[in-house]
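Peer 1: Pasting the sequence and the predicted model now:
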Amino acid sequence: MASRIRRKFSSLAYFARKTYWRIVTAKPSLLVIALATVGVSVFLLGGAVYNIIVPHVFIAYPYGRRVLFYYPRAVHEQVWYESLGVTILYGIGIAGFLMAYQSTKYAYKSRQAYNLLLIGCVLIFIAYFLTEIILWLKMRGPL
């Protein structure tokens with residue numbers, strides 16, 4: 001009985017050591033590391049940590065046949081839809097920067113470089129403009 005338990009624990013230690021060695025010696029690709037870093041930064045900048053920590057704020061409450069909308073009193077209050085919208089806009093902006101960066105790789109194909117640069121700049125402008133509109137609407141308050 002004791003030898004069987006000892007064998008189970010020795011194989012468990014071998015399995016743990018083998019798994020640890022695979023994790024330590026793993027070499028993920030540069031693309032995976034870059035995407036993970038960008039994803040974490042967009043997650044943090046988008047305000048998802050605030051939404052996780054602070055209790056849920058409803059954007060609208062049903063009141064009979066009408067719906068009463070909640071407007072935050074201050075700029076630091078945030079609802080889920082704002083956070084989701086800003087996170088999507090940050091993603092669009094990053095996609096624009098990546099397209100502008102990719103346009104430099106096509107220096108000898110001027111038409112393709114120009115198109116990528118133009119689309120990248122348009123995406124950056126859209127992300128910036130819509131983010132500013134969201135902030136302006138929030139600072140303005142209810143209609």
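Peer 2: Cool, the structure landed.
Peer 1: what's downstream of the host helix or strand of Ala16, the next helix or strand?
Peer 2: Mapping Ala16 onto the secondary structure by DSSP states H and E places it in helix 2-24. Downstream of helix 2-24, the first helix or strand assigned by DSSP H and E is helix 30-45.
Peer 1: Can you spell out which helices and strands pack onto that following helix?
Peer 2: When contacts are defined as 3 or more Cβ pairs under 8 Å, 6 or more residues apart in numbering; DSSP states H and E, helix 30-45 packs onto helix 80-103. From N, CA and C alone the C-beta is placed, and that goes for glycine too.
Peer 1: What's the mean pLDDT across the helix it packs on?
Peer 2: Averaged across helix 80-103, pLDDT comes to 89.
Peer 1: now swap in stretch 41-56 and tell me
Peer 2: Stretch 41-56 comes out at a mean pLDDT of 82.
Peer 1: Which positions within the longest helix along the chain qualify as buried?
Peer 2: Using DSSP state H, we find that the single longest helix of the chain is helix 110-140. Neighbour-count burial for helix 110-140, counted by 16 or more other Cβ atoms under 10 Å, picks out 113, 116-117, 119-120, 123-124, 127, 130-131, 138.
Peer 1: That helix packs against which elements?
Peer 2: In this structure, helix 110-140 makes packing contacts with helix 80-103, judged by 3+ Cβ pairs under 8 Å, 6+ apart.
Peer 1: Next, the angle from the helix it packs on to helix 110-140.
Peer 2: Angle, helix 80-103 to helix 110-140, by axes from the mean of the first three to the mean of the last three Cα atoms, to 10 degrees: 160 degrees.
Peer 1: related to what we said a few turns ago, distance between the longest helix of the chain and the chain's centre?
Peer 2: 17 Å (Cα atoms, centre = their mean, to the nearest Å).
Peer 1: of all the buried residues of helix 110-140, which comes closest to Ala16?
Peer 2: Among the buried residues of helix 110-140, Ala127 lies closest to Ala16 (Cβ to Cβ), at 45.7 Å.
Peer 1: how many neighbours does the residue nearest to that closest one when sequence neighbours are not counted have?
Peer 2: For Ala127, ignoring the flanking residues on the chain, the nearest one in space by Cβ to Cβ, 6 or more residues apart in numbering is Gly93 at 3.4 Å. For Gly93, the count of nearby residues is 20 (other Cβ atoms under 10 Å).
Peer 1: I am finished for the moment; much appreciated.
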